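1. prediction below, plus the sequence it came from.
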Amino acid sequence: MTFAELVTRGVHEAAPALLGWTLLVDGVGGRIVELEAYAPEDPASHSFRGPTARTQTMFGPAGRLYVYRSYGIHWCSNITCGPPDRAEALLLRALEPTHGLERMRERRGLDDARLFCSGPGRLTQALGLDGRHDGLDLTAPPVMFLPPTAAAEFETTPRIGITKAVDEPWRYVERGSSWSSRGQRRAGS
DNA sequence: CAGTGGATGCTCT
DNA sequence: GAGCATCCACTGT
């Protein structure tokens, strides 16, 4: 299935299928290893109370980038999903950096690759994205989505940093990945 | 290595 | 005027 087709499915079908895809913006990016699902009937979702100036993009077509400011400081990025009448999105929470590591290092101001893309604010900064990219078409350059060779194994957990619907297991993480925002620490020693 | 708190700005009540 | 879909520095082990 193509990326464009995938995102028209609901978030809970699209999320597991999108884990393992490589996201590149201007040739910089990596494999998606962590996503969180948000949908209209979900009290934690920005789309829960209907469209507002900020959430326009969530109510628009699937396959676009929804960028919002978090805690006044960081930008966070989502992939809009679902059929036309459903304001759904997947929050990009972590990538495994594979392309343009040097560019990420400059943008993040750090040397530790583990901290490049392990968190929604971090990965948005590493990819060079901000509020100006809200609404960006993800099916066209400079954005590229490359499919994985095999479907990723994944697990679900409660979402992070929210205060409503805190127990819903709508965080999708590639099993065994050490690149997630709550990555499993190295075993032993 | 775990826990805490500050920064900071916009959205919605 | 409150409340954030966060990150980082700093503390005390």
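-> That came in fine, so what should we check first? Numbers count the residues shown, from 1 in each chain, chains lettered A, B, ... in the order given.
2. switch to C-alpha atoms for all contacts and neighbour counts from now on
-> Noted.
3. which bits of chain A sit near DNA strand C?
-> With Cα under 7 Å from any atom of the strand as the criterion, chain A meets DNA strand C at residues A:38, A:44-47, A:70-74, A:76-78, A:89-91, A:108, A:115, A:118-123, A:160-164, A:181.
4. just the residues you listed: which are in strands?
-> Residues of these located in strands (DSSP state E): A:Tyr38, A:Ser70, A:His74, A:Cys76, A:Ser77, A:Asn78, A:Ala89, A:Leu90, A:Leu91.
5. any of those buried? List them.
-> Buried residues within these, counting neighbours by 16 or more other Cα atoms under 10 Å: A:Tyr38, A:Cys76, A:Ser77, A:Asn78, A:Ala89, A:Leu90, A:Leu91.
6. quick check: the farthest pair among these?
-> The largest distance within those, taken as Cα to Cα, falls between A:Tyr38 and A:Cys76 and amounts to 13.5 Å.
7. which parts of chain A are helices?
-> Using DSSP state H, the helices of chain A run over residues A:3-6, A:11-18, A:101-108, A:120-126.
8. out of these, deepest packed?
-> helix A:120-126 (a mean of 23; mean count of other Cα atoms under 10 Å).
9. ok, residues contacting that one?
-> A:29, A:70, A:74-77, A:91-95, A:103-105, A:107-108, A:115-117, A:130 (Cα atoms under 8 Å, 6 or more residues apart in numbering).
10. if we look at DNA strand B, which of the residues you listed are close to it?
-> A:Ser70.
11. tell me the bridge partners for A:Asn78.
-> A:Tyr66, A:Leu91 (DSSP bridges).
12. just checking, A:Gly119 touches A:Arg93?
-> Yes. Taking contacts as Cα atoms under 8 Å, A:Gly119 lies within contact range of A:Arg93: 4.9 Å.
13. which residues do these two both contact?
-> A:Ser180, A:Ser181.
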